[in-house]
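Asks: Turn this into a model:
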Amino acid sequence: MKCLKCGSENVNVQAVTHVKNKKHGVIYWLFIGWWLELIMWLFLTLPWLIIKIFKPKKIRSKIHSQAVCQTCGKTWRV
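Replies: Next up is the predicted model:
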């Protein structure tokens, strides 16, 4: 594989992972989230605590290949 910028053959290809936590937005917290959390903690403290501890995290990850020229430092997606 040749570099697009300098034409060098000294190119490494790497797998790059993007991790994104899936969370609620600002509008949700302004209109629903703050009072829902408050009510749940006031009336359902023990079950809500158990849910918060054992609930799986919402994480999304994507993997793509990226080439890096070792001569000039240019990077691009493969």
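Asks: Show me the strands in this structure, by range?
Replies: Ranges of strands within the chain are 11-21, 59-69, 75-77, based on DSSP state E.
Asks: what's the most buried one of those strands?
Replies: The highest mean neighbour count among the strands of the chain, using mean count of other C-beta atoms under 10 Å, belongs to strand 59-69: a mean of 12. Glycine gets a C-beta too; all of them are placed from N, C-alpha and C.
Asks: thinking again about what came up before, of all the strands of the chain, which lies closest to F31?
Replies: Closest approach to F31 among those (C-beta to C-beta): strand 11-21, 21.4 Å.
Asks: C-alpha coordinates for the closest one, CSV please?
Replies: Below are the C-alpha coordinates for strand 11-21, written out as CSV (Å, rounded to 0.1, in the frame of the first residue of the first chain):
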residue,chain,number,x,y,z
VAL,A,11,2.5,2.2,5.8
ASN,A,12,0.9,0.4,8.8
VAL,A,13,-2.8,-0.5,9.0
GLN,A,14,-4.5,-0.5,12.4
ALA,A,15,-7.9,-1.3,13.8
VAL,A,16,-9.4,1.7,15.6
THR,A,17,-12.3,1.4,18.0
HIS,A,18,-14.7,4.3,18.8
VAL,A,19,-16.6,3.8,22.1
LYS,A,20,-19.7,5.9,22.7
ASN,A,21,-21.8,5.8,25.9
